[in-house]
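**Q** take this sequence and fold it.
(one chain, ligands or ions: 2)
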Amino acid sequence: MAVLEARNLTKRFGGMAAVDGMSLSVAQGEVLGLIGPNGAGKTTMFDLLAGSVRATSGSIHLAGQDVTQAPAHRRLAGGMGRTFQIPRPFPGLSLLDNVLLARQSQTGERFWANFTAPGRVAAEERAARDKAMALLELVALARLADQPAQVLSGGQRKLLELARVMMADPKVILLDEPAAGVNPALLEVLIDRIRQINAGGVTFVLIEHNIDMVSRLCGRIVVMAQGKLLYEGRPDQVAKEPRVIEAYLGGVA
Ligand SMILES: Nc1ncnc2c1ncn2[C@@H]1O[C@H](COP(=O)(O)OP(=O)(O)OP(=O)(O)O)[C@@H](O)[C@H]1O
Ligand SMILES: [Mg+2]
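**A** Ligands and ions are numbered 1, 2, ... in the order given. Got it, this is the predicted structure:
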């Protein structure tokens, strides 16, 4: 069953179609790779799926619901999490607070709840902190929980992104180049964690230029070029497909 489905999505910026009639079906429980040369439209595709950019035409279904017109926060509440190609944590806030801020609805945010149900608010706070700490543990950042996010390396910021997105209990996570800037040792942690979270039932779509990582994690890869679907297949098929090789060489030349 498809947990996420895009049909004939197009996004125009002025005269240029960054995404041009893309269709994509993501099965429940899979780790789908999304690759393609720079400027192919991969990040724009994520922006469309997550709702930060509205499609010019086409439709998006999340868990069977049409979310084409739904704002980003509604899609997040519906189970769609995403990380950003360039993470922007709050630099002066601790890692723990950065993760806590990614939570969904909180009773404490409803002003009157502090007066009418202070015990419940306090219990929720404790539970949220425990969950945030467990997520920092998961991405090997727990020992830095009290440090401001500005101390993190680029690679550690990618791991913090993963902890942040997990805070909202997503069904589907869109990962935009999670391995960029991540050193080889941390990369193994990251691959391991994605597998672990996926084994817990979470579906992933993975944009990545690190083909080794994509091949290890993904059973199926979708290749985009110039906003369109170029090819779809298993990692071994993608690696030897002339059209894919051509698209990447064209990007280099
Ligand atoms: N907000 C925007 N306004 C105008 N053009 C944009 C906008 N966002 C993206 N584009 C253009 O759309 C095209 C696709 O960009 P996108 O960022 O989706 O590519 P990508 O596949 O993620 O590339 P990369 O691998 O370099 O991250 C590019 O030509 C880009 O310049
Ligand atoms: Mg991109």
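
**Q** interface residues of the stretch 1-150 of the chain facing ligand 1?
**A** Those residues of the stretch 1-150 of the chain that sit near ligand 1, judged by CB under 6 Å from any ligand atom, are 13, 18, 36, 38, 39, 40, 41, 42, 43, 44, 85. C-beta coordinates here come from the backbone N, C-alpha and C atoms, glycine included.

**Q** can you select the buried ones from these in PyMOL?
**A** The following PyMOL command selects only the buried members of those, with burial defined by 16 or more other CB atoms under 10 Å:
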select buried, resi 18+36+40+41+42+43+44
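
**Q** so which of the residues of the stretch 1-150 of the chain next to ligand 1 sit within strands?
**A** When DSSP state E defines the strands, the subset of those inside them is 13, 18.

**Q** for the residues of the stretch 1-150 of the chain next to ligand 1, which one is nearest residue 68?
**A** Using CB to CB, residue 44 is the member of these that lies nearest residue 68, at 15.6 Å.

**Q** quick one: the helices in the chain, in order.
**A** 42-50, 72-77, 95-100, 113-116, 118-138, 154-166, 184-199, 211-217, 235-239, 242-252 (DSSP state H).

**Q** buried residues of the helix or strand of the chain with the lowest mean pLDDT, list them for me.
**A** Using mean pLDDT, DSSP states H and E, helix 113-116 stands out as the lowest-scoring helix or strand of the chain, at a mean of 72. By neighbour count on 16+ other CB under 10 Å, the buried set for helix 113-116 is empty.

**Q** repeat for stretch 241-253
**A** Residues 241, 244, 247, 248 are the ones in stretch 241-253 that count as buried (16+ other CB under 10 Å).

**Q** ok, now stretch 140-152?
**A** For stretch 140-152, burial by neighbour count (16+ other CB under 10 Å) applies to 140, 141, 142, 144, 145, 148, 149, 152.

**Q** again with stretch 2-11
**A** For stretch 2-11, the neighbour count (16+ other CB under 10 Å) marks 2, 3, 4, 5, 6, 9, 10, 11 as buried.

**Q** next one: that stretch to chain centre, how far?
**A** Relative to its chain's centre, stretch 2-11 lies at 16 Å (CA atoms, centre = their mean, to the nearest Å).

**Q** next one: stretch 74-86
**A** Centroid displacement of stretch 74-86 relative to its chain, using CA atoms, centre = their mean, is 6 Å.

**Q** alright, I will stop here.
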